Structures are given as structure tokens and as C-alpha cells.
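1. Would you be able to build a 3D model of this:
(one chain, ligands or ions: 1)
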Amino acid sequence: MWMIPQLPRTDGATLWFGAFVPTPPEVVWVEVIDVGGRRRLGRRALRPRWAPVEADATPRVWTGRASLDGLAPDRLYRLQLADESGAPIDAASELRTLPLRVPGASENPLTILLGSCFDYSGDGGAAISSFRRLLTAAQFPHLKVLCGDQIYLDLPVSEVIPRDPALTYRHILGKYLRNWAPGGTRLASGYGDLLRRGANLLVSDDHEYWNNYPFAASHVPFTYTAARRALLTRLGTAFCRAFQAEMGEGDGVRALTEIVIGPEGACPGDRLEILAIDGRIERTFTRAHWPADMERLCARLRGLTSPALVVLSQPLFQPAEGAIRRRWVDAGIADFDDYEPLAAALAAAPHDVMILSGDIHCGRIAETSLPGGRRIVEVVASPLSLIPRTSYEEKPADTSFPARPLSPPFRIPSSEIRMRRDPIREDHAVTLAIRARGRSVAVEVSFWSVRTRERIGAAQTFTLT
Ligand SMILES: [Fe+2]
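-> From the prediction side, this is the model:
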């Protein structure tokens, strides 16, 4: 059985469990250790809400989530899954609870790790343990934001996706198991090693399905028929919901995650809103996001009471691809109808916004100042571990925002985009160290090389007001 911390709170977190048995246990035992205080806080009995990834499929896999409560804010805990007798199961997980407000200048910062695009067989797959150094003491991340392509379901092209649905299921399951625990059953290496250390917020991108999902891809023959696209859509979504983010159903909000640091009414510098919208799992040929998610995100942006981090499945400062390329090569969010309300809401936000994203196999920072005086800073981190036989890209940001003229009632003046960090072309992750600075928050952005384990260039600090 596996255990991974998902969304964190000030007093605990949602814990995710994966069980590879015909019937999962009703109760799971978690030993809680306060790392700083070197105290065992005892064993908790949790009752996950289990569901099979796919009913009647074999091998049967169950995933479930349960809430761990009663912890103190901004503390590091070790969580050890155990059996009834207390014997440990799998490698321990770690969790740093969220602080009550954005930390002050002399305190340890609120720390977020950003990454995307991970393939276990790339060079970075073996080297991901290099991030252990980033995952210690004062800089242990309160949250890891993983921005999509957590698996490459459709790659490499030499791999054929089996057409018998029972085998398609097994193929995708194999992808998840190999990426989460390459070469074994424990979350002690590969992506699982990163996932178990600190809380996780995951959004999906195209390779949770196939390149440029939901448009058929020429290099993936499986996607040539509507029936097989429907099968891969159903299974891709089932695995995302099971292994990655918890999502809603029905007409309301489905894949928008909101985390607020700091109490209501706090000074903007003490407060930070984190809004993450999944731009892939509900994508159609005309819109990138689920309408209720986008409506809620736009309302939150227009009503911000503090600076915000906005997580997108794909970068914002990316040119629109146009009618032909969006269909046959790769569509970006500017190619969809719901780019218009998003761009307009960002332009109307009363506080500065930092966009966090991945996807493009290139790391970068770019910034624009809006006519109203607010700023949008975009930080892109991709890849964590490049899938073999693909290449790092040279993708500077678009030159102006918005990426295309918007139609009424969304028309907004265009503003220039400036690169603040030239494209980084190696396996990497980004850390954000966030502290209050008066009525602003200061975000120190560092890029870290997976290969050398060192910082790539100097850290850059952005003051968001
Ligand atoms: Fe990717």
C-alpha cells in the first residue's frame, strides 16, 4: 500500500492511499512523528473513502483519501503507514503543514516547489533524489505544485497502446506504477520519492491522455477513431481522478483548487491566495476549462484581497497557435474560447498575480505591467525529467498580452511582455520562497538543476502587491 500527502491545511492534510489488493482495508494506521520536536504523537486510525480505479478491471487497484487532522501549523511531520501490529509499510511520507499567515521577513518562508513533465526513464528520473537537499528543514516545501505530464501515456512512439480495453487499462496502470515506483513496489525512488515528501497539488496536461488531447494525434494511431479516443478519455480521466487530484462531479466546480494562506481581512502582505485550475481534464475542441471552474476563477481574480498564485496546465504568455496548428500540432490556452474571460479577469484583478505553469520543456520567467498598474509574472518549470528522444525547447514568452485581440465585452489594452529569465533547457524544478514585505509579498524564485543539484543562476525576487 502507498500513502502520499495531497492538499495541505494549517492543521493537517488530505492523505492519498493506493492499495493493490482485491479488498482494501477499512482502517489504515498512520504513525505521526513531529520531526522538529522529535516526538511520536501516536498512531491514527483513518478510514479512506476507497474506490476502484476502474470497476471490474484486473488487476484491481483501489485508491482512497482520508483527512489527517489535529496537527499544528507550519510544522514538519513524518507519517509512517503501518499495519495493525505497528509494523511499517512502505517508505515514510513527510508533511509540512501550512502557516497561519505568510511568514514575516525574519521567519522561514512559505515554500512552494514547482515542476512538470516527468518520465521515469529520462535522465532526471534516476536523479530525482537530488531534490532531497531541497527537501530539508527550513526550505522543506509546504506544497509541491505539479503542473501536468505526470505520466506520458502516449509516449514513446515506439510503444503501441493495446486496443483490447482490458489491456489498455493495464497499459495505463503500468505507466502509473512505473513512474510512481520505477523498478519496485516502494515509493522510494523516481517520482514517488518526490511525491511522498511534502504535500502535492496536481493538475493534468495532455500526456495524461495523449499529445494535444482531445484532438487526434498523428503519431498515436490509437486516437484515429472516435471510439478509441472515447476509451482513452474515460481511462485517462479515471486514472487522473484516482491517482492525481480529487475532483468534483456534476455542474459545479470540478477541477479548481483554492488554498488561502492567512486569515480573512488580513493585510495583503500576510495573505496569499493560490488558485489552481486544471486546463486539460475537461478540455473540449472549443474550451480548455470546465465552465464552472473558469467562472469561479474569474470571480476570484476580480475579487482578490491579496496577491495570488494562479496555476495553469499550460503557460499564459504563449502565442495562439492558430486554426491549423491548434488542430494538428499543439493547442495552447490562447487557442480556446475561454481564454477571453480569463485574460480579462487577470487584467481586472486588483492585486498582482504570479502564474505557475509547465508543459513546454523549457523553464523561464516573464512579466508584464498592465495599464491599470498591476503586474502579471509568469514562472514556467518544465521538465523535471525529459522523456527520452524528445528535446528541450527554446520557447521564449510571447511579446504581448493578451495573445490575440479579444472580442467584446472582453476587449483589453495590450501590454508588452518582458523576459526575466531566459529559457532553461535542462531537467529542473523551481522553488518559491515567500515572505511578507509590508503590504506586499516577496517571492524569491530559484531554478534548480536535477543533474548538478545546484541553483541555476541567481535567485530572483518579485514583489507582488
Ligand atoms: Fe511534457
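2. Could you use CA atoms for every contact and neighbour count after this?
-> Noted.
3. Validate this expectation: Asn179 resides in a strand.
-> No: counting by DSSP: H, G, I helix; E, B strand; the rest coil, Asn179 falls outside a strand, being helix.
4. Can you tell me the closest non-neighbouring residue to it?
-> Spatially, and ignoring its direct neighbours in sequence, Asn179 is nearest to Tyr120 (5.1 Å; CA to CA, 6 or more residues apart in numbering).
5. Pass me the low-pLDDT residue ranges in this structure, would you?
-> Applying pLDDT under 70 to the chain flags the ranges 130, 133, 137.
6. Where do the helices of it begin and end?
-> Assigned by DSSP state H, the chain shows helices spanning 123-127, 165-180, 190-195, 226-243, 291-302, 323-328, 339-348.
7. quick one: contacts of stretch 262-269?
-> With CA atoms under 8 Å, 6 or more residues apart in numbering as the test, stretch 262-269 has contacts from 99-102, 270-272, 305-307, 436-441, 465.
8. For Glu258, give me its contacts.
-> Contacts of Glu258 (CA under 8 Å, 6+ apart): Glu273, Ile274, Leu275, Ala276.
9. Ranking by neighbours, what's the top pick from the residues you listed?
-> The residue in the contacts of Glu258 with the most neighbours, by other CA atoms under 10 Å, is Ala276 (26 neighbours).
10. quick one, what contacts it?
-> Contacts of Ala276 were listed using CA under 8 Å, 6+ apart, and they are Val203, Leu256, Thr257, Glu258, Val310, Val311, Leu312.
11. which one of the residues you listed is nearest Pro396?
-> Nearest to Pro396 among these: Leu312, at 17.3 Å, using CA to CA.
12. Give me every residue in the stretch 351-465 of the chain lying close to the ion.
-> Contact residues, the stretch 351-465 of the chain versus the ion (CA under 5 Å from the ion): Asp359.
13. Burial check on the residue of the stretch 351-465 of the chain found nearest the ion, number of neighbours?
-> Going by CA to the ion, the ion is nearest to Asp359 of the stretch 351-465 of the chain, at 4.8 Å. Close neighbours of Asp359, defined as other CA under 10 Å, add up to 25.
14. So which residue is dead centre in the protein?
-> Leu146 (2.6 Å; CA atoms, centre = their mean).
15. how near is that residue to the ion?
-> Distance, Leu146 to the ion, using CA to the ion, to the nearest Å: 12 Å.
16. Offset the numbering so it begins at 230, please.
-> OK, 230 is where the count begins now, so the last one is Leu375.
17. residues contacting that residue?
-> With contact taken as CA under 8 Å, 6+ apart, Leu375 is in contact with Leu343, Gly344, Ser345, Asn429, Leu430, Leu431, Val432.
18. Number of residues surrounding the residue in the stretch 330-479 of the chain positioned nearest to the ion?
-> Across the stretch 330-479 of the chain, no residue is closer to the ion than Cys346, which sits at 4.3 Å (CA to the ion). A count of nearby residues for Cys346, using other CA under 10 Å, gives 25.
19. list the contacts for it?
-> Listed by CA under 8 Å, 6+ apart, the contact set of Cys346 reads 376-380, 587-588, 590, 611-615.
20. mind running it again at 7 Å?
-> Cys346 is in contact with Gly377, Asp378, Gln379, Asp588, Ser611, Pro612, Leu613, Ser614, Leu615, counting by CA atoms under 7 Å, 6 or more residues apart in numbering.
21. Quick check: chain neighbours aside, which residue is closest to His518?
-> Leaving out its chain neighbours, the residue that sits closest to His518 by CA to CA, 6+ apart is Gly508, at 4.8 Å.
22. Next: Asp566.
-> Arg516 is the one closest to Asp566 (CA to CA, 6+ apart), at 5.4 Å.
23. do the same with Ser586
-> Closest to Ser586 by CA to CA, 6+ apart is Val609, at 4.8 Å.
24. Ok, Arg556 next?
-> Phe444 (6.3 Å).
25. So the one you found is in contact with Arg555, correct?
-> No: with contact defined as CA atoms under 7 Å, Phe444 does not reach Arg555; the gap is 8.6 Å.
26. what about the closest residue to Val331 other than its chain neighbours, how many neighbours?
-> In space, and not counting its chain neighbours, Val331 is closest to Asp499: 4.7 Å by CA to CA, 6+ apart. Neighbour count for Asp499, taken as other CA under 10 Å: 24.
27. what residue of this structure is the furthest out?
-> Outermost residue of the chain (CA atoms, centre = their mean): Ser314, 35.3 Å.
28. Report the contact partners of the closest residue to Arg531 other than its chain neighbours.
-> Distances taken as CA to CA, 6+ apart place Ala578 nearest to Arg531, at 4.7 Å, with adjacent residues excluded. Neighbouring residues of Ala578 by CA under 7 Å, 6+ apart: Leu530, Arg531, Gly532, Leu533.
29. how deep is His590 tucked in, by neighbour count?
-> Neighbours of His590 under the rule other CA under 10 Å: 27.
30. show me what contacts the closest residue in space to it that isn't next to it in sequence?
-> Nearest residue to His590 in three dimensions, chain neighbours excluded: Ser611, at 4.7 Å (CA to CA, 6+ apart). Applying CA under 7 Å, 6+ apart to Ser611 gives the contacts Gly344, Ser345, Cys346, Gly587, Asp588, Ile589, His590, Cys591, Gly592, His657.
31. Is stretch 532-551 positioned near the ion?
-> No: Stretch 532-551 lies out of reach of the ion by CA under 5 Å from the ion, never closer than 10.2 Å.
32. Which residues of the stretch 230-379 of the chain lie near the ion?
-> Within the stretch 230-379 of the chain, the positions adjacent to the ion are Cys346 by CA under 5 Å from the ion.
33. at 6 Å what do you get?
-> Contact residues, the stretch 230-379 of the chain versus the ion (CA under 6 Å from the ion): Cys346, Asp378.
34. related to what we said a few turns ago, phi, psi for the residue nearest to Arg556 please.
-> Main-chain torsions, Phe444, degrees, to the nearest 10: phi -70, psi 140.
35. Excluding chain neighbours, give the residue nearest to Trp570 in space.
-> If you look again at residue 570, you'll see it is Pro, not Trp. Phe639 (6.4 Å).
36. what sits against the one you found?
-> Glu569, Pro570, Ala573.
37. Distance of the residue nearest to Arg554 when sequence neighbours are not counted relative to the ion?
-> Nearest residue to Arg554, sequence neighbours excluded (CA to CA, 6+ apart): Ala560, at 6.9 Å. Separation of Ala560 from the ion (CA to the ion): 13 Å.
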